[in-house]
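Asker: no sequence for this one, just the structure:
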C-alpha cells in the first residue's frame with residue numbers, strides 16, 4: 001500500500017498563501033478528487049493533481065474550500081476559526097488544534 005505524505009492533518013489551522021485567509025482542515029485527499037471541469041474553472045494556477053488537496057472551513061465565512069497543498073502554510077494565528085460548520089465536525093478546540101468528532105457507523 002502506498003502512503004501519501006501530507007503536510008497538514010484534520011483539525012489544523014492553516015493559512016492560504018494566495019488569497020490570505022485562514023481555515024481549518026476537515027478532510028484530506030491524497031490527490032485531487034474533484035472534477036476536470038472544476039479544476040479547469042477554479043484552479044487557475046494549475047497546482048499538481050497528484051499531490052495532497054485539503055478541504056477547509058474558511059474563517060469568517062459560511063463556506064468551505066478545496067485547496068492544493070502548495071497553496072497552504074501553517075497559520076501563525078492559531079486561534080479558533082469562525083465558521084458555523086466547525087461545531088458539526090469538531091468536538092472542541094484545544095491547544096491551537098480542533099479535535100474531530102468521532103463518527104460511528
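Answerer: Thanks, I have the structure now. In this text the structure is predicted, and so the values were computed from the model without any measurement. Numbers count the residues shown, from 1 in each chain.
Asker: moving C-terminal of the lowest-mean-pLDDT helix or strand in the chain, what's the next helix or strand?
Answerer: Least confident helix or strand, the chain: helix 36-42 with a mean of 92, by mean pLDDT, DSSP states H and E. Using DSSP states H and E, the helix or strand that directly follows helix 36-42 along the chain is strand 53-58.
Asker: other SSEs contacting that following strand?
Answerer: Using 3 or more CB pairs under 8 Å, 6 or more residues apart in numbering; DSSP states H and E as the contact criterion, the elements in contact with strand 53-58 are strand 13-16, strand 22-29, strand 64-68. No exception for glycine: its C-beta is placed from N, CA and C like everyone else's.
Asker: what's next to stretch 18-28, contact-wise?
Answerer: 6, 8-16, 45, 52-61, 64-65, 67, 71, 75, 77, 81, 83, 85-86, 89-90, 98, 100 (CB atoms under 8 Å, 6 or more residues apart in numbering).
Asker: buried set for that stretch?
Answerer: Buried residues in stretch 18-28, counted by 16 or more other CB atoms under 10 Å: 21, 22, 23, 24, 25, 26, 28.
Asker: per-residue confidence at the closest residue to residue 89 other than its chain neighbours?
Answerer: Closest residue to residue 89 apart from its sequence neighbours, by CB to CB, 6 or more residues apart in numbering: residue 26 at 4.9 Å. If you check residue 26, the pLDDT there is 97.
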